[in-house]
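Trainee: give me the fold of what follows.
(chains A and B)
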Amino acid sequence: GESVGLHLPTLSVQEGDNSIINCAYSNSASDYFIWYKQESGKGPQFIIDIRSNMDKRQGQRVTVLLNKTVKHLSLQIAATQPGDSAVYFCAENPWDAGNMLTFGGGTRLMVKP
Amino acid sequence: DAGVIQSPRHEVTEMGQEVTLRCKPISGHNSLFWYRQTMMRGLELLIYFNNNVPIDDSGMPEDRFSAKMPNASFSTLKIQPSEPRDSAVYFCASRKGGQPQHFGDGTRLSIL
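Mentor: Below you'll find the predicted structure:
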C-alpha cells in the first residue's frame, strides 16, 4: 500500500511548547520507520528511526511512537524551537521491499516566537 | 564528514536538451537512491543501486530517464530529451547496512 498524500497539513505551535506530528501508514508489512526533517532548499535530514519490535524510541528532544495495531506513527518534539520549523516526513520500509522507502506527504511545522 | 554531494545545485535548460545530474555518495555506503520531489507527487523513488548494480528502476518515468553507477563513488541520472514536466528537485541518497538513508541537498531542475 501507499501512504503518500498530495496535501501538506500544517501544524503551528508556540515556541517552547511540545509538538506532535502524526503519520498513518498502510502497509502492514512495514517493519522499519523513519522520520525526516526537510528545511527549505535542503534535502531530507534523518531525525530518528524505529523498528516494528519497538513501541517507543527516544532521541534528543524527540520521541517516536509506533502503534502497529492502528498503523500509526507519531513524532513528538519537546520544547519546540524556531529551528524546528520545517516539513517533516515519515517513511516506511516493508520487510519485503529491500532498501526501498515509501514517504508520506509531509507535515509543515511552523514555530511561532 | 562529507555528506552526499550533488551537482549542479540548480539547472535551467530548454526542453529537448540533455540533462545530467551527478551524485557522490557518502564513502563506505553501498546503496544509492535517486528521488524526485514535486509539489503534486511528493517524494518519489526513481531507482536504487546496491553495490553499483541497479536493483529496482520501476520508478523511472520513461525511457527518457537513465541512471548509471560506474563505481562506488559516483552516479548519474540523465534525462534525454528533457521536457517541462521533468521540472522538479532531484535528490540522491545513500546508505550502508541497516542504517537510514542520508540525502544530498538536491538539484533543482527547471525545463523551459
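Trainee: what sits against the nearest residue to B:Leu21 once chain neighbours are set aside?
Mentor: Nearest residue to B:Leu21 in three dimensions, chain neighbours excluded: B:Leu77, at 4.5 Å (C-beta to C-beta, 6 or more residues apart in numbering or on different chains). Placement of C-beta: from N, CA and C, glycine included. Residues in contact with B:Leu77 (C-beta atoms under 8 Å, 6 or more residues apart in numbering or on different chains) are B:Thr20, B:Leu21, B:Cys23, B:Trp34, B:Leu46, B:Ile47, B:Phe65, B:Ser66, B:Ala67, B:Tyr90, B:Cys92.
Trainee: close to chain A: what parts of chain B are there?
Mentor: Applying C-beta under 8 Å from any C-beta of the partner chain, we find that chain B lies next to chain A at B:4, B:31, B:33, B:40-43, B:45, B:48, B:50, B:55-56, B:91, B:93, B:95, B:100-106.
Trainee: picking up where we left off before, pLDDT score for the residue nearest to B:Leu21?
Mentor: With respect to pLDDT, B:Leu77 scores 98.
Trainee: give me the sheet partners of the helix or strand hosting it and which way each runs.
Mentor: Using DSSP states H and E, the element containing B:Leu77 is strand B:74-79. Paired with strand B:74-79 in the same sheet, following DSSP bridges, are strand B:19-24 (antiparallel), strand B:65-71 (antiparallel).
Trainee: show the low-confidence segments of chain B, by residue range.
Mentor: Applying pLDDT under 70 to chain B flags residues B:1.
Trainee: grab the nearest non-local neighbour of the residue nearest the centre of chain B.
Mentor: With distances taken as C-alpha atoms, centre = their mean, the residue of chain B nearest its centroid is B:Trp34 (3.4 Å). Excluding the flanking residues, the one nearest B:Trp34 by C-beta to C-beta, 6+ apart is B:Leu46, at 4.4 Å.
Trainee: residues making contact with the host helix or strand of the one you found?
Mentor: Assessed by DSSP H and E, B:Leu46 sits inside strand B:42-50. Outside strand B:42-50, the residues within contact range by C-beta under 8 Å, 6+ apart are A:4-6, A:44, A:89, A:98-106, B:30-38, B:54-57, B:59-61, B:65, B:67, B:69, B:75, B:77, B:91.
Trainee: how about stretch B:9-24?
Mentor: B:4-8, B:32, B:34, B:73-84, B:86, B:90, B:92, B:104-112.
Trainee: just the endpoints, please. Distance across stretch B:103-112?
Mentor: 27 Å (C-alpha to C-alpha, to the nearest Å).
Trainee: A:Ala18: what's it in contact with?
Mentor: Wrong residue type there; residue A:18 is Asn, not Ala. By C-beta under 8 Å, 6+ apart, the contact set of A:Asn18 is A:Gln76, A:Ile77, A:Ala78, A:Ala79, A:Thr80.
Trainee: ok, which pair from the residues you listed is furthest apart?
Mentor: Farthest pair in these (C-beta to C-beta) is A:Gln76 and A:Ala79. Separation: 10.9 Å.
Trainee: thinking again about what came up before, using CSV, write out every CA atom in the strand holding B:Leu77.
Mentor: Written as CSV, here are the backbone C-alpha positions of strand B:74-79 (Å, rounded to 0.1, in the frame of the first residue of the first chain):
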residue,chain,number,x,y,z
PHE,B,74,29.7,8.2,-8.5
SER,B,75,26.3,8.1,-10.1
THR,B,76,24.5,10.0,-12.8
LEU,B,77,20.9,10.5,-13.7
LYS,B,78,20.3,11.5,-17.3
ILE,B,79,17.2,12.9,-19.0
